[in-house]
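Colleague: Turn this into a model:
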Amino acid sequence: MSAPQVDPAPVRAERIPNANPPVRLSEVRQQRASFVVNVTAGAVLIAICLGGIGFYFASGLAS
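Modeller: Purely as a prediction, here's the structure:
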């Protein structure tokens with residue numbers, strides 16, 4: 001039987017390529033809030049466009 005393998009020393013995050021750097025929670029919250037605002041604004045614009053198209057056809061302007 002061979003001797004048990006010893007775990008290698010832990011590697012610091014700076015040495016791991018593409019490792020996620022430490023992020024402040026306030027920055028994450030601000031980014032999430034900005035994302036929510038952008039998605040909401042996009043949804044409102046889409047709803048306005050679809051409503052305008054619906055109104056265009058409903059009012060008979062297409063004919």
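
Colleague: so the spatially most central residue of the chain is in which element?
Modeller: Nearest to the mean C-alpha position of the chain, by Cα atoms, centre = their mean, lies Phe35 at 6.6 Å. Per DSSP states H and E, Phe35 falls inside helix 25-58.

Colleague: Okay, now the unreliable bits of the protein?
Modeller: Filtered on pLDDT under 70, the chain yields the residue ranges 1-14, 16, 19, 62-63.

Colleague: hmm, 90 instead?
Modeller: The chain contains residues with pLDDT under 90 at 1-31, 60-63.

Colleague: picking that back up, could you check how far the residue nearest to the centre of the chain is from Gly42?
Modeller: Counting by Cβ to Cβ, to the nearest Å, the gap between Phe35 and Gly42 amounts to 11 Å. Bear in mind the C-beta positions are built from the backbone N, C-alpha and C, glycine included.

Colleague: Check Gly54 too.
Modeller: 19 Å.

Colleague: Repeat that for Ile53.
Modeller: For Ile53 relative to Gly42 (Cβ to Cβ), the value is 17 Å.

Colleague: Same check on Leu61?
Modeller: Distance, Leu61 to Gly42, using Cβ to Cβ: 26 Å.

Colleague: What of Val23?
Modeller: 25 Å.

Colleague: Then Ser26?
Modeller: From Ser26 to Gly42 the distance is 25 Å (Cβ to Cβ).

Colleague: what does Asn20 give?
Modeller: Asn20 is 27 Å from Gly42, by Cβ to Cβ.

Colleague: So between those two, which is more surrounded?
Modeller: The residue with more neighbours, out of Asn20 and Gly42, is Gly42; 10 against 7, by other Cβ atoms under 10 Å.

Colleague: ok, the more buried one to Val36 distance?
Modeller: 11 Å.
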